[in-house]
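J.: One predicted model, sequence on top.
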Amino acid sequence: MSPAMAAKGEVHLKARPLGATKHPSPSVSRPLEAPMKRIRLALLGALLITINAAAGEISFLTHNLEGQVYTDQNGELRGIKHSGKRAFNIEVVRELMLTMKHPTQFLEVPFARGMQMVTSSNDLALFNVSRTLDRENIVKWVGPIQKESDYFYEMKSAPTGISKLDDARKVSSICVLNGAIHHKILSSYNFSNIYTNVSYVGCFNMLKKGRVDLTVSAASTVLSKLKEAEISPDQIQQTPVVLLVSEGYIAFSSNIPDSTIDKWQEALDHLKDSGEYEKLYQLYFLPDD
């Protein structure tokens, strides 16, 4: 079922204010994480937040874009068509920004850092975030922007044989995104075999190398993660075990007035009612036929 039908402090930035992937123009191969580039992007990210704060505007953070975005000719971050959830989220939030007459700027940060920032600093928004009980009252919410089911995945060459959640306790290690919903759920169930990574792509690479037995992913985005990790889908298989069915939201700093939150929610509701949300879903979330 389409998600359109689902629902009517310390800041050390390792960030990409405009995105690192140029698309579709090819580029000369060069190191992407050179020290000077990291420093420059961190400073640009800090500057973006400072400028927006001075102007009384909300700075939008996102995470784990992993090959689903590019920087267009205007220097703006855009989703790559038919590449998955992250591209879809970028385009949905961008449409909301246009409706709200808000600058279409995004800053990419690791998820755990983004959560720390949005819960401890003013005038920030982070997406995509799962709305859980422990987060409910520490931020303000707009959404959902999508809904999906998340499964455990394993190597075909090393099947774990799990058929229910409790079976996953018996494997040596499970890789999850640090601080994200999968991490929190397994921790709340007192799993002792959790291994964290800063990206889902990193988790799949660890799975391929045999360093972990399982990882978790939304079924809708697993192919894009495997592509980014340069892993053939034939090497991986989905287990029958669902960890959760989740809805993704935009989390806003708690200082932002409820009246402002209501306007962003109204903009999202209108996007869904108008049919534009479904068009974006077809164009960006779903794979190309």
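T.: Cool, got the structure.

J.: Burial check on D72, number of neighbours?
T.: 13 (other C-beta atoms under 10 Å). For every residue, glycine as well, the C-beta is placed using N, CA and C.

J.: can you tell me how far the residue lying closest to it once chain neighbours are set aside sits from F204?
T.: Leaving aside its chain neighbours, D72 sits nearest to R78 (5.0 Å; criterion: C-beta to C-beta, 6 or more residues apart in numbering). The gap separating R78 from F204 is 25 Å, by C-beta to C-beta, to the nearest Å.

J.: Neighbour count for those two, which is higher?
T.: Taking other C-beta under 10 Å, R78 and F204 do not tie; F204 has more neighbours (26 against 19).

J.: Show the contacting residues for that one.
T.: 153, 215, 217, 225-226, 229, 231, 236 (C-beta atoms under 8 Å, 6 or more residues apart in numbering).

J.: before we move on, what about T221?
T.: Going by C-beta under 8 Å, 6+ apart, T221 touches 84-86, 148, 200.

J.: Now the two most distant members of the residues you listed.
T.: Within the contacts of T221, E148 and Y200 form the most distant pair, 13.2 Å apart (C-beta to C-beta).

J.: so what's the backbone phi/psi at the residue lying closest to V216 once chain neighbours are set aside?
T.: Spatially, and ignoring its direct neighbours in sequence, V216 is nearest to H182 (4.5 Å; C-beta to C-beta, 6+ apart). Main-chain dihedrals, H182, degrees, to the nearest 10: phi -60, psi -40.

J.: need the contact list for H182.
T.: Neighbours of H182 in contact, by C-beta under 8 Å, 6+ apart: 150, 176, 216, 243-244.

J.: how about a cut-off of 10 Å?
T.: Contacts of H182 were listed using C-beta atoms under 10 Å, 6 or more residues apart in numbering, and they are 130, 150, 152, 174-176, 194, 196, 200, 203, 215-218, 243-244, 246.

J.: Inside strands: which ones of the residues you listed?
T.: Among the contacts of H182, the ones falling in strands (DSSP state E) are 130, 150, 152, 174-176, 194, 196, 215-218, 243-244, 246.

J.: Separate out the buried members of the contacts of H182.
T.: 130, 150, 152, 174-176, 196, 200, 203, 215-218, 243-244, 246 (16 or more other C-beta atoms under 10 Å).

J.: on that earlier part again, quick check: the residue nearest to D72 is in a helix.
T.: No. Assessed with DSSP: H, G, I helix; E, B strand; the rest coil, R78 is strand; it does not lie in a helix.

J.: how far away is it from Y277?
T.: 17 Å.

J.: same deal with R169?
T.: In terms of C-beta to C-beta, R169 sits 39 Å off from Y277.

J.: likewise R113?
T.: When R113 is compared with Y277 (using C-beta to C-beta), they lie 29 Å apart.

J.: Next: M115.
T.: According to C-beta to C-beta, M115 and Y277 sit 25 Å apart.

J.: before we move on, what about H82?
T.: Counting by C-beta to C-beta - H82 and Y277 are separated by 16 Å.

J.: Equivalent analysis for G248, please.
T.: In terms of C-beta to C-beta, G248 sits 13 Å off from Y277.
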